[in-house]
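Enquirer: Requesting a structural model of the entry that follows:
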Amino acid sequence: HTHQVIELPVIRPEVTHWRLHQGQCGSCRKLRKASLPPDQTTGFGPRLTAFVGEMSGIVNVSRSAVQDLCASVFSIPLSKGAIQKMINRVSDALVPHYEAIGWVARAVPVNHLDETSWFTQKVKHWLWVMTNPLVAYFQIHPTRSQAAFEQLIADWRGILVSDDYSTEL
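Expert: Predicted coordinates for the structure are as follows:
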């Protein structure tokens with residue numbers, strides 16, 4: 001007979017405290033201050049930033065819910081502005097990868113395409129997907145239009161498999 005109990009470890013934030021010394025230059029008499037390493041300037045580390053990006057982007061949790069979760073689980077109080085800055089950092093970091101996925105999607109001869117309604121801040125948009133055995137390329141667009149379709153496929157020409165989406169190219 002075996003019995004297992006699964007438990008999460010205690011989660012405590014790791015805080016790195018930086019003391020930046022300043023002093024007056026003996027030659028020019030100007031006040032100089034040490035600078036932070038470039039990867040430390042935002043105030044939020046990569047794991048916390050990735051977590052906030054994951055919750056907001058993939059799980060589609062509201063900024064308020066992310067704020068509450070970080071406070072209650074991690075004991076990290078965050079403003080909604082700080083959360084948005086982290087989301088923006090994640091989005092900026094993902095742009096080259098997103099573009100590369102689009103390039104791969106448009107490099108194959110056969111793609112499947114579909115669209116479905118998608119709500120963004122309670123406003124109806126459309127989630128478009130162009131997929132093949134290599135990648136799935138997504139786009140959120142305000143309309144279910146030919147313009148949205150053309151934005152998704154860009155200059156791709158090939159065999160399109162769909163559920164009767166009608167368009168004339």
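
Enquirer: Could you use CA atoms for every contact and neighbour count after this?
Expert: Will do.

Enquirer: Number of residues surrounding Q22?
Expert: Residues contacting Q22 under the criterion other CA atoms under 10 Å number 11.

Enquirer: What's opposite it in the beta bridge?
Expert: Legend: beta-bridge partners of Q22 under DSSP bridges are K33.

Enquirer: A107 against R157, yeah?
Expert: No - the criterion here is CA atoms under 8 Å, and A107 misses it with R157 at 9.1 Å.

Enquirer: so which strand or helix has N111?
Expert: Following DSSP states H and E, one finds N111 within strand 110-120.

Enquirer: how close does E99 sit to R106?
Expert: Using CA to CA, to the nearest Å, one obtains 11 Å as the distance from E99 to R106.

Enquirer: and what of T49?
Expert: Distance from T49 to R106, by CA to CA: 31 Å.

Enquirer: ok, those two, which is more surrounded?
Expert: R106 (23 against 20).

Enquirer: mind listing what the more buried one touches?
Expert: Going by CA atoms under 8 Å, 6 or more residues apart in numbering, R106 touches I153, A154, D155, W156, R157.

Enquirer: Narrow those residues to those in helices?
Expert: Taking DSSP state H, the ones among the contacts of R106 that sit in helices are I153.

Enquirer: List just the nearest of the contacts of R106 to G57.
Expert: Nearest to G57 among these: I153, at 22.8 Å, using CA to CA.

Enquirer: if you skip the residues just before and after it, what's nearest to that closest one?
Expert: R106 (6.8 Å; CA to CA, 6 or more residues apart in numbering).

Enquirer: List only buried entries from the contacts of R106.
Expert: I153, W156 (16 or more other CA atoms under 10 Å).

Enquirer: Point out the other helices and strands that the top helix by length along the chain packs with.
Expert: Longest helix in the chain by number of residues, with DSSP H as the criterion: helix 80-105. For helix 80-105, the elements it packs on are helix 46-53, helix 63-74, strand 136-141, judged by 3 or more CA pairs under 8 Å, 6 or more residues apart in numbering; DSSP states H and E.

Enquirer: Format these as TSV; extra columns: mean pLDDT and distance to K122.
Expert: Below are the helices and strands packed on helix 80-105 laid out as TSV (pLDDT from 0 to 100; distance: least, CA to CA, whole Å):
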stretch	mean pLDDT	distance to K122
helix 46-53	94	19
helix 63-74	94	14
strand 136-141	94	14
